[in-house]
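> structure of the sequence below:
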Amino acid sequence: PRAVAALVALSFSGAIGLTFLMLGCALEYYGVYWPLFVLIFYFICPIPHFIAKRVSDDSDAASSACRELAYFFTTGIVVSAFGLPIILARVEAIKWGACGLVLAGNAVIFLTILGFFLVFGRGDDFSWEQW
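Here you go, the predicted structure:
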């Protein structure tokens with residue numbers, strides 16, 4: 001019950017984030033699909049965490065170098081995802097309104113990804129490994 005409710009809430013917020021992204025691309029006033037390149041950042045964002053979780057042997061340690069390196073790479077990916085639409089708007093490849101919609105979509109999507117790892121990343125009775 002709790003896992004299903006969390007999964008539904010995460011699905012809903014992910015759909016809202018993707019809607020913002022698509023509105024920034026597909027509205028007739030904007031009409032440019034360059035912002036869709038941020039989808040690449042959405043897909044590669046969790047990869048450092050998965051690698052660090054697989055490599056890290058000592059789960060009892062408060063902090064490990066591998067986990068810290070994963071946080072560093074993930075932060076770089078997230079900052080790049082926010083920077084790309086700003087750069088595209090600055091060089092006038094997209095309009096600033098589209099940039100705002102993409103930035104709003106980025107915020108929602110990355111909060112959804114964080115929520116997924118907070119809900120399903122723990123070693124409780126349910127985890128993301130079940131899915």
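
> now do the helices in this structure.
2-26, 38-44, 47-55, 65-90, 96-120 (DSSP state H).

> need the mean per-residue confidence for the second one.
Regarding helix 38-44, the rounded mean pLDDT is 95.

> what comes up buried for it?
Of the residues in helix 38-44, 38, 41-42 count as buried by neighbour count, 16 or more other Cβ atoms under 10 Å. For every residue, glycine as well, the C-beta is placed using N, CA and C.

> count the residues that sit near the closest residue to residue 97 other than its chain neighbours.
Closest residue to residue 97 apart from its sequence neighbours, by Cβ to Cβ, 6 or more residues apart in numbering: residue 30 at 6.6 Å. Neighbourhood size, residue 30 [other Cβ atoms under 10 Å]: 20.

> residue 30 against residue 94, yeah?
Yes - counting by Cβ atoms under 8 Å, residue 30 touches residue 94, with 6.7 Å between them.

> joint contacts of those two?
With contacts defined as Cβ atoms under 8 Å, 6 or more residues apart in numbering, the residues shared by residue 30 and residue 94 are residue 24.

> contacting residues around the most centrally placed residue in the chain?
The residue lying closest to the centre of the chain (Cα atoms, centre = their mean) is residue 110, at 3.2 Å. Residues in contact with residue 110 (Cβ under 8 Å, 6+ apart) are 45, 78, 81.

> quick revisit: possible to save the buried residues of helix 38-44 as JSON lines with distance to residue 65?
JSON lines is the format used below for the buried residues of helix 38-44 (distance: Cβ to Cβ, whole Å):
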{"residue": "38", "distance to residue 65": "29"}
{"residue": "41", "distance to residue 65": "24"}
{"residue": "42", "distance to residue 65": "26"}
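
> so which of the residues you listed comes closest to residue 98?
residue 38 (11.6 Å; Cβ to Cβ).
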